[in-house]
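Colleague: Compute the structure for the input listed below.
(chains A and B)
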Amino acid sequence: GAGVSQTPSNKVTEKGKYVELRCDPISGHTALYWYRQSLGQGPEFLIYFQGTGAADDSGLPNDRFFAVRPEGSVSTLKIQRTERGDSAVYLCASSLYRTSGANVLTFGAGSRLTVL
Amino acid sequence: KQEVTQIPAALSVPEGENLVLNCSFTDSAIYNLQWFRQDPGKGLTSLLLIQSSQREQTSGRLNASLDKSSGRSTLYIAASQPGDSATYLCAVRLNYGGSQGNLIFGKGTKLSVKP
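Modeller: Residues are numbered from 1 along each chain as shown, chains lettered A, B, ... in the order given. Modelled structure (predicted):
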């Protein structure tokens, strides 16, 4: 696609529920990233995929958070037993992979999650 | 632990002014530094990327500098316009294997350019 697409744009759920957030990256981008942005804060790294595998998942806060990218394109961020503190905007980005490391990330508009 | 700080948190200037946004980071072992722009309700747009071996990058009215040894970067915006109003975020990429996606962001500077 022309840009990074994230769905849903808004999700309101109750504490304890399960949530899935979807990211559709730019076609041909092998690298995909998930970030979380709380109000008044900068984005916080969660996980980075290179192809189908998670190259770096050091930012996932706990085992309630899980992300997959089974075919190396679309990714789903899954949050189990949601807590009020999970409320944030979840940002997805994608990029080409460059051996120089100069990866310019293209971000989606984000999925705003509100846990009541 | 790497920390990124941006000063000021908010800035309001009249149209036409030149301005400087500041970013500092605590650990100089970075791979690169990027400046992003974020508009309300939208994702981030990459403005400039400076590799650790570089001193500055320019794009149009924007110029970003990097002083790795002192842990500082500045974003200079010339002849500011109301359309420049947005939040500007600075992010550093850590320098370790597999860290391509792990950017550490500051909280941003919210810029308002008054017509």
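Colleague: neighbours around the residue of chain B found nearest chain A, how many?
Modeller: Residue nearest to chain A within chain B: B:Gly101 (2.6 Å; C-beta to the nearest C-beta). The way it works is simple: take the backbone N, C-alpha and C, and place the C-beta from them, glycine included. B:Gly101: 27 surrounding residues under other C-beta atoms under 10 Å in any protein chain shown.
Colleague: where's the residue lying closest to it once chain neighbours are set aside, which helix or strand?
Modeller: Counting by C-beta to C-beta, 6 or more residues apart in numbering or on different chains, B:Gly101 lies nearest to A:Tyr48, which is 2.6 Å off, once chain neighbours are set aside. For A:Tyr48, the host element (DSSP states H and E) is strand A:44-50.
Colleague: For that strand, which outside residues touch it?
Modeller: By C-beta atoms under 8 Å, 6 or more residues apart in numbering or on different chains, the residues outside strand A:44-50 that reach it are A:30-38, A:54-61, A:65, A:67, A:69, A:72, A:75, A:77, A:90, A:97, B:100-105.
Colleague: Around the residue nearest to B:Gly101, how many other residues sit close by?
Modeller: When neighbours are counted by other C-beta under 10 Å, A:Tyr48 registers 26.
Colleague: And the one 4 residues further on, by the same measure?
Modeller: With neighbours defined by other C-beta under 10 Å, the count for A:Thr52 comes to 14.
Colleague: Spatially nearest residue to it, not counting backbone neighbours?
Modeller: The nearest residue in space to A:Thr52 (C-beta to C-beta, 6+ apart) is A:Gly72, at 4.6 Å.
Colleague: Next, that neighbour: phi, psi?
Modeller: phi 80, psi 10 (degrees, to the nearest 10).
Colleague: Perfect, I'm done here.
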